[in-house]
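**Q** Pasting the sequence and the predicted model now:
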Amino acid sequence: MELPAQLEFSPAWRQVRAELVRALGEATFEIWFSEVRPQAWDGSVLILHGPVTKRRWISGRYRPVLERSVQAGFGPAARVEFATERGRARSVADDHQPDLAPSAFDFNPRYTFEQFIIGDDNRLAHAAALAVAEMPGGAYNPLFLYSPPGLGKTHLLHAVGNYLLMYGAGATVRYTTVETFTNQFVSALESKKAIERFKHAYRDADVLLIDDVQFLASKARTEEEFFHTFNALYESGRQLVITCDRLPLQLTSVAERLRERFNSGLVAELRPPDLATRVAILRKRAQLDRITPLDPGVLELIAARVTSNIRSLEGALIQVVAYASLADRPIDIPLATEMLDRIHPRVGSDPITIDRIQQAVGAHYEVSVDELRSSGRTARIAWPRQVAIHFARNLTRSSLEDIGAAFGGRNHATVIHACKRVSDRLLDDADAAADVHKLEGVLRAGQGDRDS
């Protein structure tokens, strides 16, 4: 058996770490595996040592990839065990046994504040969630996040949990859905010991994160227990963060006393993201999933077509990428259009508007609509503005005066000059011409978008 120091710096362990980074990405590796060290190797079992606080998550979510990585370094028959506090090895699989108590580590490592794309439609909710994570019980309590499904409520809830795990100085964080809370409560009713254990698990939390509270409706006994849990935490100054698909006052099937408590803190809405935010979300997802090569116009096309929620938006990207892989075709606008016509067909024939043009051009060139309408003349703003004016003149029925007014009160001569600058550059600059042509394709393909 190798000594731990030799084992930690051995080629086999370096290969394990490299495999984990390749499979999970550097950010996820740093969060969950940076403190895991090899303790012993007997030729068949690799015993690992790591923080108890992270072992449950590793065992529950990353067991397969950890075992594959260890087998890549130590051989196909290698098995993995964790050392306990008493030095006795414990199988990785053992940590995955179900437990009545909610785990403090059921947080998606990709749902962090850094990965959350902020726009005008979710800025308040993001800021409030971050404030709660930085100062639990001292900012907004309770924090009530509401929106239709798929707009980022659960992302923010997990972001609070992930932040507290990293910087919470040992704070006890519990996450649950109302469905899980209900199932655990019903199971705990079988014995007095189990119900006491259930109450202890929730009421001793420093921060309780509760998803989908709308499902409390018509569950009288669960609602009663939830009410007492809420009171116990709130009255002791502990933090509650709640998500729901509607306002507290719209939870008509939930007892009034609970609705009043939900409404007593900060209620923050998340609305559907605008076009620029949708493009930014897709860029981030493509970066995280290492989707390359990728025609940038594809992201704008998807964002123009899929407007309902973030989940559908990312799902459309995944389906386009999968289709390209299966068909052995490049991820370009023709392929994306073909796929989107199947899964998100156009729903109307609304004319292209100046507002839609400004959003699309701003998203493409990463400038804001306010900048396009401003008096700024830097190259970063001037060219996108000229392109937007060019599209406004050629793709809409707006007059020169109306176009000028939409771009900060410019006169018709300025509009004509901008269009001429674009036409001249397109003749001399093949890259600019291809870029503008792709953007026009995105605008035309997204013509049924009613989001603007």
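**A** Good, I have the coordinates. Residues are numbered from 1 along each chain as shown.
**Q** and the closest residue to R203 other than its chain neighbours, what element?
**A** In space, and not counting its chain neighbours, R203 is closest to A232: 4.5 Å by C-beta to C-beta, 6 or more residues apart in numbering. Where you see a C-beta, it was placed from the backbone N, CA and C, and this is true even at glycine. Using DSSP states H and E, A232 falls within helix 220-235.
**Q** How far does that helix sit from its chain's centre?
**A** In terms of C-alpha atoms, centre = their mean, to the nearest Å, the centre of helix 220-235 is found 29 Å from the chain centre.
**Q** what's it packed up against?
**A** helix 178-188, helix 192-203, strand 239-244, helix 256-262 (3 or more C-beta pairs under 8 Å, 6 or more residues apart in numbering; DSSP states H and E).
**Q** So, low pLDDT: which residues of the chain?
**A** Across the chain, the ranges flagged by pLDDT under 70 are 1-6, 8-9, 53, 60, 84-106, 347-350, 445-452.
**Q** thinking again about what came up before, the helix holding A232: which residues count as buried?
**A** 222-223, 225-227, 229-230, 232-234 (16 or more other C-beta atoms under 10 Å).
**Q** what's the most buried one of the helices and strands packed on helix 220-235?
**A** Stretch with highest mean neighbour count among the helices and strands packed on helix 220-235: strand 239-244 (a mean of 25; mean count of other C-beta atoms under 10 Å).
**Q** Excluding residues flanking it in the chain, which one is nearest R425?
**A** Using C-beta to C-beta, 6+ apart, the closest residue to R425 is A432 (5.3 Å).
**Q** same thing with R329?
**A** L335 is the one closest to R329 (C-beta to C-beta, 6+ apart), at 5.3 Å.
**Q** That neighbour belongs to a helix?
**A** Yes: assignment of L335 by DSSP: H, G, I helix; E, B strand; the rest coil places it within a helix.
**Q** show me what contacts I281?
**A** By C-beta atoms under 8 Å, 6 or more residues apart in numbering, I281 lies in contact with 117, 273, 303, 310, 313-314.
**Q** go again using 6 Å as the cut-off
**A** Residues in contact with I281 (C-beta atoms under 6 Å, 6 or more residues apart in numbering) are 117, 310.
**Q** any idea which helix or strand carries it?
**A** Under the criterion of DSSP H and E, I281 resides in helix 275-288.
**Q** Show me how far that helix is from its chain's centre.
**A** Mean C-alpha position of helix 275-288 versus that of the full chain (C-alpha atoms, centre = their mean) differs by 10 Å.
**Q** related to what we said a few turns ago, how far off centre is the helix or strand hosting the residue nearest to R425?
**A** Per DSSP H and E, A432 falls inside helix 430-445. Distance of helix 430-445 from its chain centroid, counting by C-alpha atoms, centre = their mean, is 29 Å.
**Q** Give me the buried positions along that helix.
**A** Using 16+ other C-beta under 10 Å as the test for burial, helix 430-445 gives 435-436, 438-443, 445.
**Q** For A77, which non-adjacent residue is closest in space?
**A** Leaving aside its sequence neighbours, A77 sits nearest to S44 (C-beta to C-beta, 6+ apart; 6.3 Å).
**Q** Tell me how far the one you found lies from R377.
**A** Distance, S44 to R377, by C-beta to C-beta, to the nearest Å: 70 Å.
**Q** if we can go back for a sec, what is the nearest of the buried residues of helix 220-235 to P248?
**A** Nearest to P248 among these: F230, at 12.4 Å, using C-beta to C-beta.
**Q** got a list of what the closest one touches?
**A** Applying C-beta under 6 Å, 6+ apart, the residues contacting F230 are R261.
**Q** So what's the gap between stretch 65-81 and the chain middle?
**A** The chain centre lies 31 Å from the centre of stretch 65-81; the measure is C-alpha atoms, centre = their mean.
**Q** contacting residues for the residue lying closest to V298 once chain neighbours are set aside?
**A** Spatial nearest neighbour of V298, excluding adjacent residues (C-beta to C-beta, 6+ apart): A336 at 4.5 Å. By C-beta under 6 Å, 6+ apart, the contact list for A336 reads 298, 301, 320.
**Q** just curious, which of these is nearest to H390?
**A** L301 (19.3 Å).
**Q** what number of residues lie near that closest one?
**A** By the criterion of other C-beta atoms under 10 Å, L301 has 29 neighbours.
**Q** Help me confirm that it comes into contact with V442.
**A** Yes: look at L301 against V442 with C-beta atoms under 6 Å: they come within range, at 4.8 Å.
**Q** what about the helices and strands packed on helix 220-235, which gets the closest to T277?
**A** Nearest to T277 among the helices and strands packed on helix 220-235 is strand 239-244 (19.6 Å), distances taken as C-beta to C-beta.
**Q** Pull the distance from that closest one to the chain's centre.
**A** The chain centre lies 18 Å from the centre of strand 239-244; the measure is C-alpha atoms, centre = their mean.
**Q** From V36, how far off is L247?
**A** 44 Å.
**Q** no wait, E223
**A** 41 Å.
**Q** Next: F215.
**A** 36 Å.
**Q** ok, now A379?
**A** Counting by C-beta to C-beta - A379 and V36 are separated by 49 Å.
**Q** Neighbour count for those two, which is higher?
**A** Counted by other C-beta under 10 Å, A379 and V36 do not tie: V36 has more neighbours, with 20 against 7.
**Q** For that one, give me its contacts.
**A** Shown in contact with V36 (C-beta under 6 Å, 6+ apart): 48, 50.
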